[in-house]
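> 3D, please:
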Amino acid sequence: LHVLQWRHGCEVEQEGDEVKFSKGISEYVYDGENFLSFDIKESQWVAPVDAALPTKIKWDNVPILNQYTKGYLEKECVDWLNKFREYADKELRHG
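Okay, the predicted model is just below:
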């Protein structure tokens, strides 16, 4: 039995009424060990283990994948986070 986990998420900062992207994460873990992660500043994948190098090379050679991952973390993830915060606020007010 093997386990592959994918974790992605974002952090935001509140500036008045505006929420701004602060940090994002997209990473893969295989059998409990870090396998591959996305470096959002460099828009490339990081392979902490040799077994991940072929995947890193393959994914880094697909610019649209890196653009999508960066865009997802900076925009869509923030949109989802805001939506869930709105749900939580509504639930607390009416719960």
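> Listing request: residues of this protein with sub-threshold pLDDT.
Applying pLDDT under 70 to the chain flags residues 95.
> looking at it, which residue lies furthest from center?
residue 94 (31.2 Å; C-alpha atoms, centre = their mean).
> So that one versus residue 87, what's the distance?
Residue 94 is 11 Å from residue 87, where distance means C-beta to C-beta, to the nearest Å. Yep, even glycine has a C-beta here, placed from its N, CA and C like the rest.
> Helix, strand or coil: sort out residue 76 for me.
Here residue 76 is helix, with the state taken from DSSP: H, G, I helix; E, B strand; the rest coil.
> Check the burial of residue 33 by counting its neighbours.
Neighbourhood size, residue 33 [other C-beta atoms under 10 Å]: 10.
> can you check the one 5 residues further on too?
By other C-beta under 10 Å, the residues close to residue 38 number 22.
> doesn't residue 26 make contact with it?
Yes - contact status for residue 38 versus residue 26: in contact at 4.1 Å, counting by C-beta atoms under 8 Å.
> Mind listing the shared neighbours of the two?
Common neighbours of residue 38 and residue 26, using C-beta atoms under 8 Å, 6 or more residues apart in numbering, are 69, 73.
> What segments of the chain are strands?
With DSSP state E, the ranges of strands along the chain come out as 4-15, 18-30, 33-39, 44-46.
> need those in CSV with distance to residue 66, can you?
Shown next, in CSV, are the strands of the chain (distance: least, C-beta to C-beta, whole Å):
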stretch, distance to residue 66
strand 4-15, 14
strand 18-30, 10
strand 33-39, 8
strand 44-46, 6
